[in-house]
Every structure is written in C-alpha cells, then in structure tokens.
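# Just a sequence and a predicted model for now, questions to come.
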Amino acid sequence: MSKIFLIDPETGNNYQGDEQTVTNLLRENAALIRTIKELQNEGNNDNLFDYMKQLHRNILWLSLLADGTSIKNK
C-alpha cells in the first residue's frame, strides 16, 4: 500500500502527492492489474475483490490529484 493513504505522524495530515509517489503508485497499479488478470484467468476469485478495491482507490486518488493540479494550473 502506498504511503499516501497513511497519516504523517509529524503533521497529522495525509502525505502529499509528489512525482515519486505518483510514479510508485502507477507501478503499483500496473502490478495490481497483472495480478487481477492472472486471478481472473485462473478462476481464483478469493482475493480478486480486494485487489480491485485497492486499484480503484489508487485510481481515484490519482484522478483527484490530477483534478486538483489542473485547477491550480489554470
């Protein structure tokens, strides 16, 4: 899980999305997609929903970051 979903103990706020965090999250998403695909091909649905929830959360966070960035750049 990416640190963006954790609370910074020093500030009590969520971690901010810097370039390295976004890059790591995109790599994590790629791995999640591969895992989901493999589980679907094997017919193994036991943990499938958990991986899909994690991927959804990551994509949502990235979209909110992108939306906030585009608003700031206008």
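Received the coordinates, thanks.

# wait, isn't residue 32 in contact with residue 56?
No - counting by C-beta atoms under 8 Å, residue 56 is not a contact partner of residue 32; they are 9.7 Å apart. Using the backbone N, CA and C atoms, a C-beta is placed for each residue, glycine as well.

# who's more crowded, those two?
Taking other C-beta atoms under 10 Å, residue 32 and residue 56 do not tie; residue 32 has more neighbours (17 against 11).

# residue contacts, residue 22?
62, 65 (C-beta atoms under 8 Å, 6 or more residues apart in numbering).

# helix, strand or coil for it?
For residue 22, the assignment made with DSSP: H, G, I helix; E, B strand; the rest coil gives helix.

# shaky segments in this protein?
1-17, 68-74 (pLDDT under 70).

# How are the helices of it distributed by residue range?
19-42, 48-72 (DSSP state H).

# how deep is residue 58 tucked in, by neighbour count?
Residues contacting residue 58 under the criterion other C-beta under 10 Å number 19.

# close enough to count as contact, it and residue 30?
No - when contacts are counted by C-beta under 8 Å, residue 58 is not listed as touching residue 30 (10.5 Å).

# how many neighbours does residue 19 have?
7.

# How about the contacts made by it?
Contact criterion C-beta under 8 Å, 6+ apart gives no residues in contact with residue 19.

# distance of it from residue 25?
11 Å (C-beta to C-beta, to the nearest Å).
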